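Let's see this in three dimensions:
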Amino acid sequence: MGDASDVELMRRVREGDHGAFETIVERYRGQLVNYLAHMTGNRERAEDYAQEAFVRLYEVSERYEERGKLAPYLFRIATNLVRSDARRSLRWRTLLPMLPSNGNGTAPSRALLEDELRAKVAAAIAALPLPFRAPLVLREMEEWSYQEIASALSCDEGTIKSRIHRARQRLKEQLAPYWNGGLTHD
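Got it, this is the predicted structure:
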């Protein structure tokens, strides 16, 4: 069943074949978790998002219509999950200052990343706004074509190219201090 097409597997899933769905999960799990880890900067959260994306895919399998590759559809589900959580998190950050403090008057401190370049790059990518981060990660880490990214994110190909260019520029600006002797701008 491992060499069956995505179309065939989704047809089998609609017919109740749980093994077909397991094959889809095995086929895309690693790639999806890697993408989400780059998106969130957190492997554990990426695993959770991936699991939720597969659950959602299973839930919509009855309505799924083949319009291309399954991967962009699955990645769109995952990206939308991250987007929803980002919006929810933003609402909480807006409300948090209005809530009473924990009694000692201090806000929780955020752990700072160490000097390791990989951690700095991951943090810089995670700091990008989602509309720039998603296409950049799909292009650079997952090696998707502009067309596949445009399909997955429901954007024009030109928009995707522009967002990737802007994301690269932001990363270059953000990481410039580390390339220039480790000086930081705090």
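
From Ala123, how far out is the nearest residue to His38 once chain neighbours are set aside?
Distance criterion CB to CB, 6 or more residues apart in numbering; nearest residue to His38, sequence neighbours excluded, is Val137 at 4.3 Å. C-beta here means a position set from N, CA and C on the backbone, and glycine is covered the same way. Distance of Val137 to Ala123, given as CB to CB, to the nearest Å: 14 Å.

One more: Leu153?
According to CB to CB, Leu153 and Ala123 sit 23 Å apart.

neighbour-wise, which of those two wins?
Leu153 (21 against 14; other CB atoms under 10 Å).

Assess the claim that that one and Ile160 are in contact.
Yes: Leu153 sits in contact with Ile160 when judged by CB atoms under 8 Å, with a separation of 6.9 Å.

list residues touching both of the two?
Residues within reach of Leu153 and of Ile160 at once, by CB atoms under 8 Å, 6 or more residues apart in numbering, are Pro135.

for Arg139, what are its contacts?
Counted by CB under 8 Å, 6+ apart, Arg139 has contacts Tyr146, Ile149, Ile164.

which stretch of helix or strand covers the last one?
Of the helices and strands defined by DSSP states H and E, Ile164 is found in helix 157-179.

neighbouring contacts of that helix?
Identification of contacts with helix 157-179 by CB under 8 Å, 6+ apart yields 117, 120-121, 124-125, 127-128, 131-133, 135-136, 139, 146-147, 149-150, 153, 155, 183-185.

No further questions, thank you.
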